[in-house]
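**Student:** The following comprises the amino acid sequence and a computationally predicted model.
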Amino acid sequence: MRRSRSVKILATLGPASNDQKIIEELVRAGADVFRINMSHASHDVLRETVEKIRAVEKSIRYPIGILVDLQGPKLRVGKFADGSVMLTPGETFTLDTSETPGDKTRVHLPHPEIFSSVKVGDRLLLDDGKLELKVAAKSAEAINCSIVYGGKLSDRKGVSLPDTLLGMGALTEKDRADLQAGLEVEADWIALSFVQRPEDIIDVRKIVQGRAGVLAKIEKPQAIDQLEEIIKLSDAIMIARGDLGVEMPLEAVPGLQKRMIRMCRRMGKPVVVATQMLESMITAPVPTRAEVSDVSIAVFEGADAIMLSAESASGSYPVQAVATMNKIAVAVEQDGNFQTIIRAQATQPEATAADAISAATRQVAETLDLAAIVTYTSSGSTGIRASRERPAKPIIALSPKITTVRRLSLVWGLHCVQTEDAISLDDMVDRACAIAYLEGIARPGDRVAITAGVPLGTPGATNMLRIAFVGQDGAGGS
C-alpha cells in the first residue's frame, strides 16, 4: 500500500474507532499513525488496542506507528456545596486549602504547587479559559483574586496559569505508570503533556532510554520561552493548538504554528499540527470551508503530520474524517504552488557530510528526474535527513529494524519498508532497486538515488550517494 501524499495523518482512537475492522478502514482511508490518549485509556485498553493495531498491520502488510499520549498534570478546583456558582466581574473570589465545599466567595484548590508558585498580578483561567481571575493577594493558605471575566463555575473545572512557571515536573505518578505500560507494549512514540522546560524532556528520556521516540506537546506559554532547547532535546514536537489557545491570545497561535514548523524543519525534527482541525466532523459528515483551509495551511507549511482528535476517537464519522483529511492533503500537494512554497521555506544544510549528502541527493533526484530516493537507515536519522530536504520525489526508507520503520511512519514523505541489511554495495543497490520496483514507485528503465552509511549498518553516518538503473526484473545496475 502506498500513499499519494507526503504529509502523514495521525488519528486518535477511542470509543468510535476502537475496533479492529474500523482500525483497518482508518488505515485504508489514510491513517499512518494511531494516538492512544491515556487520559481516557486504562492499561488493559492500551494493550488490547495495540494488539488490534498490530493485527491490522500484519494483515495489510503496511507499517503503522503508535503514539501513547500521557495525560500530564490536571489542575482542577474542588467541589461546591450546590454543584456550581456564578462569578460576577469586579467581585472577589478566593482559592484556598480548606476542603470545605465551596460557595460564591471561595473554593478548595487541591494543588500546593500553585500556592508556592503564583505571584500577585498572575492570571488564573478557569474552565478552558471561559473565566478569568487575577491574583490580588496570596498566602500559604489562600489566593485572593479579583474576577475579570465571570460566569458559571462548577465542580472540578480545570485551572490554567499562563503567567506562572509551576514548580512541578511534567510527569505525575499516573504518567509514570502509563509510560511504563506504553514501553511494555512497544509503543513507537511517547507524547509528553504539560512541558514547561527542557528538564521535563530530560526526565522522560532517562526513563525511555531510546525504546521509543519522545514527542513534546507544546501547549504551555512557558514552553515557548525555551522552545529551541525543548525541540533540540525532543525527537519530535506536537503543536497542541487547543491548549495554547486557552493560555495565549488566540490571534498569536497561527504565527506560533508557522514559527514552530519552520524551526522544526530547520532542526530536522518531525512536527505534528493538532487540535480542532476538522472539529465539525465530530457531528457532521463534511467539514467547514474554514477547516479545509486550516488543514491546507499546515500542509503548505510542510508539517510532517496533521492530527485528528475527537473527530476519529468519539465522532460520528471517524473514517470519513480521515478520508477527508487525506483528500485535502493530496489536493494541496498536487497544487502548482506547493513545491514553490515548500522550496521557499527550505533551510541550509548543517556543515556535516550527512546533511550535505542529503541536500545533494534531493538536488540530483530533481535535476535528473529520478523515480525515487532510497535511503538505508538503521537508527532513522538518514531517513529524517532525507525528509528534512522536502524533495519533490518519493523517499523510500529501508531499515532492518521494525521499530525504526514504525517510528518513521510519522515523518514527512517517507515510504517505510523493513528489509534485511545489505551485505555488500552491490546487494544494497539490487535491494534498493528491487524494493522501489515491487512497491510500485519505480519502473524498469527508471533511475533511483541511493544513500547510505559506509561501512554498511553504521548508524547516523550517511556518506554515500549512488545512482542506479532499475532493470527489467527490478534488479539494479549503475
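**Tutor:** Received, thanks. Residues are numbered from 1 along each chain as shown.

**Student:** how far away is the nearest residue to Pro444 once chain neighbours are set aside from Ala371?
**Tutor:** The shortest distance from Pro444 to any non-neighbouring residue, by CB to CB, 6 or more residues apart in numbering, is to Gln472 (4.7 Å). Every residue, glycine included, has its C-beta placed from N, CA and C. For Gln472, the distance to Ala371 equals 15 Å [CB to CB, to the nearest Å].

**Student:** residues in contact with Arg447?
**Tutor:** Residues in contact with Arg447 (CB atoms under 8 Å, 6 or more residues apart in numbering) are Leu368, Leu370, Ala371, Ile467, Ala468, Phe469, Val470.

**Student:** ok, 10 Å please
**Tutor:** Shown in contact with Arg447 (CB atoms under 10 Å, 6 or more residues apart in numbering): 364-365, 368-372, 433, 436, 467-470, 476-478.

**Student:** what's around the nearest residue to Asn337 once chain neighbours are set aside, how many residues?
**Tutor:** Counting by CB to CB, 6+ apart, Phe300 is the residue found nearest to Asn337 once chain neighbours are left out, at 7.7 Å. Counted with other CB atoms under 10 Å, residues neighbouring Phe300 total 17.

**Student:** Confirm that Phe300 sits in a helix.
**Tutor:** Yes. Under DSSP: H, G, I helix; E, B strand; the rest coil, Phe300 sits within a helix.

**Student:** Contact partners for it?
**Tutor:** Residues near Phe300 by CB under 10 Å, 6+ apart: Val7, Val332, Glu333, Asp335, Asn337, Phe338, Ile341, Ile342, Gln345.

**Student:** Quick check on those: which are buried?
**Tutor:** Buried members of those, counted by 16 or more other CB atoms under 10 Å: Val7, Val332, Glu333, Phe338, Ile342.

**Student:** Distance-wise, check the fourth one relative to Ala371.
**Tutor:** What it means is Phe338. Counting by CB to CB, the gap from Phe338 to Ala371 is 20 Å.

**Student:** is it true that the residue nearest to Pro444 touches Ala434?
**Tutor:** No. Counting by CB atoms under 10 Å, Gln472 does not reach Ala434; the two are 11.7 Å apart.

**Student:** So for these two, which residue has more residues nearby?
**Tutor:** Using other CB under 10 Å, the more surrounded residue of Gln472 and Ala434 is Ala434, with 18 against 9.

**Student:** Could you tell me the phi and psi values at the more buried one?
**Tutor:** Main-chain torsions, Ala434, degrees, to the nearest 10: phi -60, psi -40.

**Student:** thinking again about what came up before, tell me who's in contact with the residue nearest to Pro444.
**Tutor:** Shown in contact with Gln472 (CB under 10 Å, 6+ apart): Tyr437, Arg443, Pro444, Gly445.

**Student:** pLDDT wise, what is it at?
**Tutor:** What the model reports as pLDDT for Gln472 is 75.

**Student:** for it, helix, strand, or coil?
**Tutor:** When classified by three-state DSSP, Gln472 comes out as coil.

**Student:** quick one: what helix or strand has Leu26 in it?
**Tutor:** Secondary structure from DSSP states H and E places Leu26 in helix 20-29.

**Student:** what packs against that helix?
**Tutor:** Under the contact criterion of 3 or more CB pairs under 10 Å, 6 or more residues apart in numbering; DSSP states H and E, helix 20-29 touches strand 8-13, strand 33-37, helix 43-60, helix 310-313, helix 318-333.

**Student:** how does it look with 7 Å?
**Tutor:** If you count contacts as 3 or more CB pairs under 7 Å, 6 or more residues apart in numbering; DSSP states H and E, helix 20-29 packs onto helix 43-60, helix 318-333.

**Student:** any chance of the ones you listed in CSV, plus distance to Ala31 and mean pLDDT?
**Tutor:** Shown next, in CSV, are these (distance: least, CB to CB, whole Å; pLDDT from 0 to 100):
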stretch, distance to Ala31, mean pLDDT
helix 43-60, 10, 98
helix 318-333, 5, 98
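
**Student:** Just the pLDDT at the residue nearest to Cys145 when sequence neighbours are not counted, thanks.
**Tutor:** Leaving aside its sequence neighbours, Cys145 sits nearest to Leu133 (CB to CB, 6+ apart; 3.8 Å). Note for Leu133: predicted pLDDT of 98.

**Student:** Tell me how many other residues surround Leu133.
**Tutor:** 25.

**Student:** what lines up beside the helix or strand encompassing it in the sheet?
**Tutor:** Under the criterion of DSSP H and E, Leu133 resides in strand 131-138. Paired neighbours of strand 131-138 in the sheet (DSSP bridges): strand 123-126 (antiparallel), strand 142-149 (antiparallel).

**Student:** and the residue nearest to Gln257 when sequence neighbours are not counted, what are its bridge partners?
**Tutor:** Nearest-residue entry for Gln257: Ile239, 5.5 Å, with adjacent residues in sequence omitted and distances by CB to CB, 6+ apart. Assessed by DSSP bridges, Ile239 has beta-bridge partners Ile218, Val273.

**Student:** got the contact list for Ile239?
**Tutor:** Neighbouring residues of Ile239 by CB atoms under 7 Å, 6 or more residues apart in numbering: Ile218, Gln257, Met260, Val271, Val272, Val273, Ala274.

**Student:** want to try a markdown table for these, with distance to Ala313, neighbour count and pLDDT as columns?
**Tutor:** Conversion of the contacts of Ile239 to a markdown table gives the following (distance: CB to CB, whole Å; neighbours: other CB atoms under 10 Å; pLDDT from 0 to 100):
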| residue | distance to Ala313 | neighbour count | pLDDT |
| --- | --- | --- | --- |
| Ile218 | 21 | 25 | 97 |
| Gln257 | 22 | 21 | 97 |
| Met260 | 24 | 23 | 97 |
| Val271 | 21 | 28 | 98 |
| Val272 | 16 | 28 | 98 |
| Val273 | 17 | 25 | 98 |
| Ala274 | 12 | 26 | 97 |
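
**Student:** Where does the prediction get shaky in the protein?
**Tutor:** 457-461, 473-478 (pLDDT under 70).

**Student:** Show me the domain layout of the chain.
**Tutor:** According to automatic domain parsing, the chain comprises the domains 8-72+170-334, 84-160, 353-477.

**Student:** looking at these, which is closest to Met1?
**Tutor:** Closest of the domains of the chain to Met1 is domain 8-72+170-334, at 4.6 Å (criterion: CB to CB).

**Student:** First residue to last residue on the closest one, what's the distance there?
**Tutor:** Start-to-end span of domain 8-72+170-334 (CA to CA, to the nearest Å) is 15 Å.

**Student:** That one: how far from the chain's middle?
**Tutor:** When distances are taken as CA atoms, centre = their mean, to the nearest Å, domain 8-72+170-334 is centred 4 Å away from the chain's centroid.

**Student:** cool, and stretch 328-347?
**Tutor:** That offset, for stretch 328-347, works out to 20 Å (CA atoms, centre = their mean).

**Student:** Please, where are all the helices along the stretch 251-400 of the chain?
**Tutor:** Counting by DSSP state H, counting those that start in this stretch, the stretch 251-400 of the chain has helices at residues 253-267, 289-301, 310-313, 318-333, 338-344, 353-367, 381-388.
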